[in-house]
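Student: give me a 3D structure for the following:
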Amino acid sequence: MSLSTLFHVALGLLALVGVAAITLVLMLASPVRPPPPLASIHEGATRIDVAGAPDLSRFQARDGTWLATRLYPAANGARARIAILAHGSSAQSTEMHDVAAALAVHGVTAVALDVRGHGASGTRGDIAYLGQLDDDLADLIAELRKSDQNAKFSLIGHSSGGGFALRIADGPLGPDFDRFVLLAPYLGFSAPTNRPADGKGLWASPDLPRIIATLMLGRIGIDWPQSLPAIAFANAPETKMFVASQYTFRLLQNYTAPPDWRGAFMRAKGRVSVIAGADDELMDAPAYERALAPLRIPVNIIPGVDHMGIVSRPEGIKAIVAAMAD
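Tutor: Next comes the predicted model:
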């Protein structure tokens, strides 16, 4: 091959690299656009009466950050069973108030989290690295074990918190829990349990170009785009001072189910059950039964209950208490 041919080949390759770089920059630059407020989620959240919620307590995570929880001691004073409660996307610990209060009445100490990136924990909408939420949970367990070394732990998660609970069940922390109760869990963007993300059920708007570009760059060791916002939620304007209205890529990737959600159910270290409302506007409740029956995962569908009702309506609360009692 002549020098002239080599020169033109090299020039062509440089041009392709330049085009690829410009394309990635444009993909990263695409703005995150929130969807219109979703009335059913807003109304469901405001129905939760948090007047009696405990004040925030705090524990120090391994990076020195003080993270917030709400402690609901068991009414009978027992500490043998502790349930850790993880809220849904964009929310905070008060979302799980009704669940936590009911468990405490029935002899289970409940600890409702402000998961890092939410509420009073850390930088809202962000974490420092993928896997930090897992580390935070390990630190919380260590803190709680200071009071009772022999306590049995359960993990209850709603929506994205349910997906996160499944991630934990399949991971190194799985053996620390004896059961996992997933409430209308979000199992990932391709899961058959999701309703079509349009119309009245549009809760989240992902920035797909930015997500794709971030994934591509991550494969070659470039991780700074993980700090960029990657998804926005359909919160009402008046709630934005209280909620995480968007997530960075790394929080989005950490606070969700593992990609192989079917395998995660099969590999889970403790007992796993799923509870969902028949009227859930975000999740296809019957699809949980279809998808999980072959895996022998118990699924309880509650008539007349929607996505937020599963953590606030008496029917939903009763089913959660029952799942913890069996």
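Student: from here on, contacts and neighbour counts on C-alpha atoms
Tutor: OK.
Student: how close does residue 94 get to residue 46?
Tutor: Going from residue 94 to residue 46 by CA to CA, to the nearest Å gives 10 Å.
Student: same check, this time on residue 178
Tutor: 32 Å.
Student: and the closest residue to residue 206 other than its chain neighbours, how many neighbours?
Tutor: Ranked by CA to CA, 6 or more residues apart in numbering and with sequence neighbours excluded, the top spatial neighbour of residue 206 is residue 231, at 4.1 Å. By the measure other CA atoms under 10 Å, the count of residues near residue 231 is 25.
Student: same deal with residue 223?
Tutor: Residue 223 has 15 nearby residues by other CA under 10 Å.
Student: and the pLDDT at it?
Tutor: The model reports residue 223 with a pLDDT of 92.
Student: now do residue 198
Tutor: At residue 198, the model reports a pLDDT of 60.
Student: tell me who's in contact with the nearest residue to residue 233 once chain neighbours are set aside.
Tutor: Using CA to CA, 6+ apart and skipping the chain neighbours, the partner closest in space to residue 233 is residue 204 (4.4 Å). By CA atoms under 8 Å, 6 or more residues apart in numbering, residue 204 lies in contact with 34-35, 197, 231-234.
Student: tabulate those (a markdown table), appending secondary structure and distance to residue 171.
Tutor: Compiled in a markdown table, these are given as follows (DSSP: H, G, I helix; E, B strand; the rest coil; distance: CA to CA, whole Å):
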| residue | secondary structure | distance to residue 171 |
| --- | --- | --- |
| 34 | coil | 32 |
| 35 | coil | 33 |
| 197 | coil | 29 |
| 231 | strand | 25 |
| 232 | strand | 27 |
| 233 | strand | 28 |
| 234 | coil | 31 |
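Student: mark which of those are buried, thanks.
Tutor: For these, a neighbour count by 16 or more other CA atoms under 10 Å gives the buried set as 34-35, 231-234.
Student: ok, the nearest residue to residue 136 once chain neighbours are set aside - contacts?
Tutor: The shortest distance from residue 136 to any non-neighbouring residue, by CA to CA, 6+ apart, is to residue 61 (5.9 Å). Counting by CA under 8 Å, 6+ apart, residue 61 makes contact with 67, 136, 139-140.
Student: then residue 277?
Tutor: Residue 277 neighbours (CA under 8 Å, 6+ apart): 184, 285, 301-307, 309-310, 316.
Student: 6 Å instead, please
Tutor: Counting by CA atoms under 6 Å, 6 or more residues apart in numbering, residue 277 touches 301-302, 305-306.
Student: same thing with residue 238?
Tutor: If a contact means CA under 6 Å, 6+ apart, then residue 238 has no contacts.
Student: try the one 10 residues further on
Tutor: Contacts were defined as CA under 6 Å, 6+ apart; by that measure residue 248 touches 126, 227-230.
Student: the same query, at a cut-off of 10 Å, please.
Tutor: By CA atoms under 10 Å, 6 or more residues apart in numbering, the residues touching residue 248 are 117, 124-128, 211, 225-232.
Student: cross those residues against strands and list the overlap.
Tutor: The strands, defined by DSSP state E, take in 229-232 from these.
Student: okay, helices next: where are they in the stretch 51-200 of the chain?
Tutor: Assigned by DSSP state H, counting those that start in this stretch, the stretch 51-200 of the chain shows helices spanning 97-105, 132-145, 160-169.
Student: that's all I had, so thanks and see you.
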